[in-house]
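Trainee: Prediction below, plus the sequence it came from.
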Amino acid sequence: MKKIYQFLSSVKLAIVLFLILAFFSIFGTIIPQGRPESFYLMKYGKTIGDIILKLQLNDAYHSWWYIITLFLFLINLIICSLKRFPISLKLYKTDPTNVDPENFPNRIKLNLKKEFNSVVNFLLKKLGFKEIKKISNGVLFYKDLNRKAFFSVYFVHFSMVLILIGGLIGAIWGYRGNMIILEGQISNRVRPFRGEEPIFLDFALKLNKFTLELYPNGMPKEYISNVTVIDGNKRINAIIKVNHPFRYKGISFYQASYNEIPKFILYIKEKNKTYELTSMVPINVDNYSIFLDKYIRHYGFILIYITVFDQNTGKQYSTYLVKGIPNILKLGEKEYHINVKKMEAIYLTGLQVKKDPGITLVYSGFILMILGLFWVYFFDPKTFWVFVKQKNKEIEVILGARAKREKEGLKLKLEELAKKIQKEA
């Protein structure tokens, strides 16, 4: 039991756990998260793909190794804090009056031709020192600063505990997934990154309209989902844009992707005969099968790709049409005039859904950590001593000071104190 305690309270263990988290988090950043298993096997090959899936690097921040490492880090931090606390408590309770002027830390000695009472009054009234006791023919004074800051490091430790607990709650009970909604439809189904079973929310989203803004070259500039939350009798309208998520009931919705389902009606004419071609529904013209393949926007033009299959030879080829420009399709010896009668697109929005029930603890922990670090580095515990002694016709002044961390700065402050007593007392 003692060996287990020593192992869990080891600073080396904390460093190792921190490095493990940092190392694997790099993979969690580099490797795309939440894709289907086939994606990793195809992209990285079977060997590396299997390693990614077994180590759950495809969802690194909810993986078994991440949860175990966070839990060990939490236990290590708590035990280290408890182990160190008696030392800080002892420093806090140290009696500042139990000192010997001849053995002051950072000792400075002055001989001044000043009035004894003048120096004493200057220390008490101007500098805020307290009189401790009289020693032979001298008086000992002290000034204590930031004594409670001996516990500032535990404020930081506590903030880290909150962050780790929040991380564990999010990793165990939180999830991330995708929600696909067709324009005009309603869905409460989330496909999680981990596991095959869908998650059904206790409310639904309706995609009212999807707006796609394009650059002049046809590349997407911004895509926006106009949605309505349907929660019983409650209706809430919201706009979801890239980098502008929508949050409801602790669940965040991020605009992640989109897709278009094109709807075309093309008229193919040859003399007095007309054929109607609708998207994804092939038609037969003579001995040829024709179907729409895809379309793209390019510098303001719409290019519609069609595939022609020759039933006699078994060969096929693709060509494209330009919307707004007369097009001619040659099939064997015949030429056909093609006109785009109607073109529209129905959009699918791809939302990334994230639930992190520990996020409040994580944010609270970060705020407390900032406050704690400010307390640690700007409020260092310090104690100053001044011993004033009448010596013949002069005043002997001995100064000393002690600090927890600020060693070099403490000497400068002690020298400044000595100069003040020399000049102003």
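Mentor: Ah, there it is.
Trainee: Could you use CA atoms for every contact and neighbour count after this?
Mentor: Noted.
Trainee: Thought L53 was touching S63, still the case?
Mentor: No - the pair S63 / L53 is not scored as a contact, 10.1 Å apart, by CA atoms under 8 Å.
Trainee: what's the following helix or strand after the helix ranked longest in the chain?
Mentor: Longest among the helix segments of the chain by residue count, using DSSP state H, is helix 64-93. Downstream of helix 64-93, the first helix or strand assigned by DSSP states H and E is strand 108-112.
Trainee: And for the very next helix or strand once past that next one, what's in contact with it?
Mentor: Moving toward the C-terminus from strand 108-112, the next helix or strand (DSSP H and E) is helix 116-121. When contacts are defined by CA atoms under 8 Å, 6 or more residues apart in numbering, helix 116-121 is touched by residues 388-390, 395, 421, 425.
Trainee: For the longest helix of the chain, what does the pLDDT average out to?
Mentor: Helix 64-93 shows an average pLDDT of 90 in the prediction.
Trainee: when you give positions from now on, start the count at 307
Mentor: Fine by me, first position is 307 from now on; the one you just mentioned is helix 370-399.
Trainee: got the phi/psi numbers for D365?
Mentor: Main-chain torsions, D365, degrees, to the nearest 10: phi -150, psi 60.
Trainee: Helix, strand, or coil at the spatially closest residue to it that is not a sequence neighbour?
Mentor: Closest residue in space to D365, ignoring its immediate chain neighbours: Q339 at 5.4 Å, by CA to CA, 6 or more residues apart in numbering. Assigned with DSSP: H, G, I helix; E, B strand; the rest coil, Q339 falls in the coil class.
Trainee: How much space separates Q339 from Q362?
Mentor: Per CA to CA, to the nearest Å, Q339 is found 10 Å from Q362.
Trainee: Go ahead and list the helix or strand containing the closest residue to K415 other than its chain neighbours.
Mentor: Distances taken as CA to CA, 6+ apart put I704 closest to K415, at 4.5 Å, once the chain neighbours are dropped. Using DSSP H and E, I704 falls within strand 700-709.
Trainee: who's K436 bridged to?
Mentor: Y448 (DSSP bridges).
Trainee: Now stretch 490-499: average pLDDT?
Mentor: 91.
Trainee: from the middle of its chain, how far away would it be?
Mentor: A distance of 25 Å separates the centroid of the chain from that of stretch 490-499, by CA atoms, centre = their mean, to the nearest Å.
Trainee: Give me the buried positions along it.
Mentor: 492-499 (16 or more other CA atoms under 10 Å).
Trainee: can you check stretch 700-719 too?
Mentor: For stretch 700-719, by 16+ other CA under 10 Å, it's 701-709, 716-717.
Trainee: just stretch 447-460 next, same as before
Mentor: Buried, per 16+ other CA under 10 Å, within stretch 447-460: 447-450, 453, 455-460.
Trainee: Export the longest strand along the chain to PDB, keeping only CA atoms.
Mentor: Selection of the longest strand in the chain by residue count, based on DSSP state E, yields strand 640-661. Output of strand 640-661 as PDB, limited to C-alpha atoms (Å, rounded to 0.1, in the frame of the first residue of the first chain):
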ATOM      1  CA  LYS A 640     -27.700  12.700 -85.400                       C
ATOM      2  CA  GLU A 641     -27.400  16.000 -83.600                       C
ATOM      3  CA  TYR A 642     -29.700  16.900 -80.800                       C
ATOM      4  CA  HIS A 643     -30.300  20.400 -79.400                       C
ATOM      5  CA  ILE A 644     -30.400  20.500 -75.600                       C
ATOM      6  CA  ASN A 645     -31.900  23.200 -73.500                       C
ATOM      7  CA  VAL A 646     -32.000  23.500 -69.700                       C
ATOM      8  CA  LYS A 647     -35.600  24.100 -68.900                       C
ATOM      9  CA  LYS A 648     -35.400  24.200 -65.100                       C
ATOM     10  CA  MET A 649     -32.600  23.900 -62.600                       C
ATOM     11  CA  GLU A 650     -32.800  24.100 -58.800                       C
ATOM     12  CA  ALA A 651     -31.000  22.500 -55.900                       C
ATOM     13  CA  ILE A 652     -32.200  21.100 -52.600                       C
ATOM     14  CA  TYR A 653     -29.600  21.500 -49.800                       C
ATOM     15  CA  LEU A 654     -28.600  19.200 -47.100                       C
ATOM     16  CA  THR A 655     -26.900  20.700 -44.000                       C
ATOM     17  CA  GLY A 656     -24.200  18.900 -42.100                       C
ATOM     18  CA  LEU A 657     -24.100  19.900 -38.400                       C
ATOM     19  CA  GLN A 658     -21.500  18.700 -36.000                       C
ATOM     20  CA  VAL A 659     -23.200  18.100 -32.600                       C
ATOM     21  CA  LYS A 660     -21.300  18.300 -29.400                       C
ATOM     22  CA  LYS A 661     -22.400  17.700 -25.800                       C
END
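Trainee: elements contacting the longest helix of the chain?
Mentor: Packed against helix 370-399 by the contact rule (3 or more CA pairs under 8 Å, 6 or more residues apart in numbering; DSSP states H and E) you find helix 308-314, helix 317-336, helix 458-479.
Trainee: Throw the ones you listed into JSON lines and include distance to K688 and mean pLDDT, thanks.
Mentor: Shown next, in JSON lines, are those (distance: least, CA to CA, whole Å; pLDDT from 0 to 100):
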{"stretch": "helix 308-314", "distance to K688": "32", "mean pLDDT": "79"}
{"stretch": "helix 317-336", "distance to K688": "27", "mean pLDDT": "86"}
{"stretch": "helix 458-479", "distance to K688": "14", "mean pLDDT": "92"}
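Trainee: May I see the ones you listed organised as JSON lines, with distance to H604 added?
Mentor: As requested, those are exported to JSON lines (distance: least, CA to CA, whole Å):
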{"stretch": "helix 308-314", "distance to H604": "61"}
{"stretch": "helix 317-336", "distance to H604": "31"}
{"stretch": "helix 458-479", "distance to H604": "43"}
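Trainee: Find the one among those with the highest mean neighbour count.
Mentor: Of all the helices and strands packed on helix 370-399, helix 458-479 carries the top mean neighbour count, a mean of 21, counting by mean count of other CA atoms under 10 Å.
Trainee: next helix or strand past it?
Mentor: Assignment by DSSP H and E places the next element after helix 458-479 at strand 481-488.
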